[in-house]
Every structure is written in C-alpha cells, then in structure tokens.
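# quick one, fold the following:
(one chain, ligands or ions: 1)
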Amino acid sequence: MLRFILKPDRDKSIRQRHPWVFSGAVARRSGPVHPGETVDIISSEGVWLARGTASTHSQMVARLWTWQRDEELDPSFIRQRIERAIKGREQLHNDPQTNAYRVIFSESDGLPGLIVDRFADWLVVQLLTQGAVAHTAIIVAALAELMPVRGIYERSDVEIRAREGLGEAEGLLWGEAPPDQLTIRENGYEFVLDLAGGQKTGWYVDQRINRQRVAQYAKDAEVLGVFSYTGGFEVLAAGAGAQSITAVDSSAAALRGLHTNLSQNGLNTPVTAVEGDAFKILRQLREEGKQYDLIVLDPPKFAHSQSQIDRATRGYKDINMQAFHLLRPGGVLATFSCSGLISADLFQKVVFGAALDAGRDAQIIDTLTQGGDHPVLLTFPEAAYLKGLICRVW
Ligand code: SAH
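As a prediction, this is how the structure comes out:
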C-alpha cells in the first residue's frame, strides 16, 4: 500500500485526529501516487498513524478516514460510516414536518469529500475530493441500500473540485431522475425545488432551524429579506404573520421561486421582489427613506481563501451597516455569514463595527449556528462555518 512518511515533528495534528495532511508535512512517498488511492501515514520514526485517500493535485495531499489500522477503506467500512451518519439523523428521518436535511457532512461524518442531502424521495450527492470520487460506486450502492429513496442525483458541479483537479460533474447516479419541480417539506412548509438546476444542492438545508428562530420576530413586521434566494426565511416570516415582505436577490429565477413558494403555502402577504445587487439596493432603499422591522441578511460565502478575508469583512460590514440604518428603533436584524474562514468572534466584531458606524445601539438577543445535521467533529473545528446573530436595534 502507498505510504506517506512524515517529516520529523509533523505528526501532532494527525495524532490528534485532524483529517488533513498538507504537502509540507510529507518527507517522502513510498511510490507514485494515483488519484484517490488509499494511503497510510507513517511518522518519521516509522510508526503507523492513520489511513486515508491521496490527492495528486491538491496541496492537501491526503484526507484521513481512519486511525485504526485494521480498518480498510473497503465496502463494509464505508457502509458502516454511512450507516452511522444515517443513524445520527434518526430524529430527522422521523420528523413529519421536514424531509430535507443533510445526511452526510464530509469529514465530520468520517467520509472526507462526501456530502449527501436528502430532499423528499431523492438524495443529492457531492463528491468533492479524489478520494470520494474513487469510492463513488461503493458509496452509491450503500446509500441506495440504506436510504429508502427513489433516486440519487449528483451535483458535483462546484468550483472547489478544481482544487482536486476534478472537473464539474452532474447527473443521475442511481434510480429515477428527480422531477423538474420537486416539493419538499421543511418546518411544516412546502418548497418547490429544481434539484438539477437550482443553486448549490437546490436548497440551503443548513438554515432550517434558523428560519424558525428568525420567524419568531416576524409577526406584524415589515420584513426585508436580503439574499433571499427562493424565500427560505421569507416564507416562514410570511407564515408567522409578517405585514409585508421585500425580498432582494440578484437571481431572477430565485425570486420567481420565492413567489412560487409563497403561493405553495397559501400565503398572500404583499411581496415586493427586487432583482439586483444587494450592496446597491440597500443604499437605494435608504435613499428612498424605507424602514423595516425585521431584516435578514443571508449572503453567499464572501471569503473562499485567506487572501479574501479582508475584502470579505469589508463586504459584511457594509451590508450590516446599511441594514442598521434601515431598521426602526426596536427592530430586529438577523445577520449571517457562511464563510468558514471568518470566525464567530470576527463576525461579531464586524457587526459591532457596522452598528458603531451606523450610530445605532444593538443587543445580541440570539446566537445562531448550523443545524445538527451539519455536525462539527471535535477534532475538526473547520467544519463550523455558519454563524448568525439576531440583534435588537435601537
Ligand atoms: N436566504 C436563502 C439563501 C441565500 S443564498 C435561503 O434561506 O434559502 C445567497 C443568495 O444570494 C443567492 O440566492 C444568490 O443569488 C444571492 N446573491 C449573491 N450575490 C448577490 C448580490 N451581490 N446581490 C444580491 N443577491 C446576491
């Protein structure tokens, strides 16, 4: 079997079960490396440490799957890991209010590079590393056996695959193709998705609990939902008795989806959908003297690498400052960041700076994170990426 022998003193993080091995830690490879092949990690003293999959392309030359020497990355091991992930979501499988959630969350579920979301009777799979791709057949067979679904669809058409030297991939992996319009249930509401054509895996399952938490402040409120996509937050706000909804998104298709989702739930709350760049529209709304009681800011990931952190924090500060200006005294701001590279601490500092610049007093009344179907493995804190603050603004 292929072995990577580490440089002296580079074994600490691996002994602490961190699943990433960078090229700088490796002194020598036992032979040529093939994409996604199994590799053993050996300390400079020759001690076996862990087993994972190799990448021929990324700076992250191996992702670790197990620290037990008798575990091979074979069908029964992968099946066990998938079984464990499914068992960990038991409550969700049995929740009559929800049939859209994450079933497998990559490293946190001991399956690096594999993301699986359930949407009603379909699974959507992302294979993000050479190691995950190398095990596609085993993964699909195990999922088909262990999850009672009609089809498994791949949505690996994401840029991050380029880091692994993988092209974008999309298509049916098993069973029946999903319908163009698939209705899912979340928090007791229905949403219509296009699994094949939508953004990301078609629906942002990570905000499920937060949509409910935010909707608590929506009764009788004039709501502004910025980066609304197809209305995850806005539909729940309407259902909770919002007086009106203004939704902003740069995607016309997303805003059409928002209208569909409101009517799917029989909601006839007055809606203004504004298509365009949120940074500009927030300024325009301010110039028009608009005021709101509840504002949701749920932007896409602004920081994709260390070098983008400064620019990202300026972006977060700007939209938050604009939102503070647009809130009536006593109003509520629900503000999120899904950039893993921006810590919860840093995000809070950015929101603090925004409030200060806007000259508003703001109190944190709730602190939000990703749902428990996106667990954070204690040995892998990098899995924590979504953070949110609900602030009362005076
Ligand atoms: N709140 C949504 C998810 C938002 S995802 C939910 O709960 O489902 C981020 C959204 O921001 C996407 O719909 C994307 O189209 C939109 N977006 C990205 N850049 C934007 C910009 N500069 N201005 C407005 N919308 C933008």
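# make it CA atoms for all contacts and neighbour counts henceforth
Fine.
# what pLDDT is listed against residue 197?
Confidence at residue 197, expressed as pLDDT, is 73.
# that one: which element?
Assigned by DSSP states H and E, residue 197 belongs to neither a helix nor a strand.
# contacts for the biggest strand by length in the chain?
Looking across the chain with DSSP state E, the single longest strand is strand 327-337. For strand 327-337, contacts defined as Cα atoms under 8 Å, 6 or more residues apart in numbering pick out 214, 217, 291-301, 316, 320, 323-324, 347, 385-394.
# next, the buried residues of it.
Using 16 or more other Cα atoms under 10 Å as the test for burial, strand 327-337 gives 327-329, 331-337.
# show me the two of these that sit farthest apart.
329 and 337 (23.8 Å; Cα to Cα).
# residues from the stretch 151-300 of the chain in reach of the ligand?
Residues of the stretch 151-300 of the chain found near the ligand (Cα under 6 Å from any ligand atom) are 204, 227-233, 249-251, 276-278, 298-300.
# still on that earlier bit, partner strands of the longest strand of the chain and their direction?
Strand 327-337 has its sheet partners listed here by DSSP bridges as strand 292-297 (parallel), strand 387-393 (antiparallel).
# compare those and give me the one nearest residue 154.
Among these, strand 387-393 comes nearest to residue 154, with 27.2 Å by Cα to Cα.
# show me where pLDDT drops low in the stretch 101-250 of the chain?
For the stretch 101-250 of the chain, the stretches with pLDDT under 70 are 198-201.
# at 80 instead, please
Residues of the stretch 101-250 of the chain meeting the criterion pLDDT under 80: 197-202.
# is any part of the longest strand of the chain close to the ligand?
No. Judged by Cα under 6 Å from any ligand atom, strand 327-337 stays clear of the ligand, getting no closer than 9.3 Å.
# so what's residue 273 up against?
By Cα under 8 Å, 6+ apart, the residues touching residue 273 are 246-249, 255.
# so how far is the host helix or strand of residue 3 from its chain's centroid?
Residue 3 belongs to strand 2-6 when assigned by DSSP H and E. Relative to its chain's centre, strand 2-6 lies at 32 Å (Cα atoms, centre = their mean, to the nearest Å).
# can you check stretch 168-187 too?
Centroid separation for stretch 168-187 versus its chain: 18 Å, with Cα atoms, centre = their mean.
# export it to PDB, keeping only CA atoms.
Coordinates of the C-alpha atoms in stretch 168-187 are reproduced here as PDB (Å, rounded to 0.1, in the frame of the first residue of the first chain):
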ATOM      1  CA  GLU A 168     -17.600  19.500 -12.700                       C
ATOM      2  CA  ALA A 169     -20.000  16.500 -12.700                       C
ATOM      3  CA  GLU A 170     -23.700  16.300 -12.700                       C
ATOM      4  CA  GLY A 171     -26.300  13.600 -13.400                       C
ATOM      5  CA  LEU A 172     -28.200  10.700 -12.200                       C
ATOM      6  CA  LEU A 173     -26.200   8.100 -10.300                       C
ATOM      7  CA  TRP A 174     -29.000   5.600  -9.400                       C
ATOM      8  CA  GLY A 175     -32.700   5.100  -9.700                       C
ATOM      9  CA  GLU A 176     -35.200   7.600 -11.200                       C
ATOM     10  CA  ALA A 177     -34.400  11.100 -12.200                       C
ATOM     11  CA  PRO A 178     -35.900  13.800 -10.000                       C
ATOM     12  CA  PRO A 179     -38.900  15.800 -11.400                       C
ATOM     13  CA  ASP A 180     -38.100  19.400 -12.500                       C
ATOM     14  CA  GLN A 181     -40.400  20.600  -9.700                       C
ATOM     15  CA  LEU A 182     -39.800  18.600  -6.600                       C
ATOM     16  CA  THR A 183     -41.800  19.600  -3.500                       C
ATOM     17  CA  ILE A 184     -40.000  19.300  -0.200                       C
ATOM     18  CA  ARG A 185     -41.200  20.000   3.400                       C
ATOM     19  CA  GLU A 186     -39.300  22.000   6.000                       C
ATOM     20  CA  ASN A 187     -40.600  23.200   9.300                       C
END
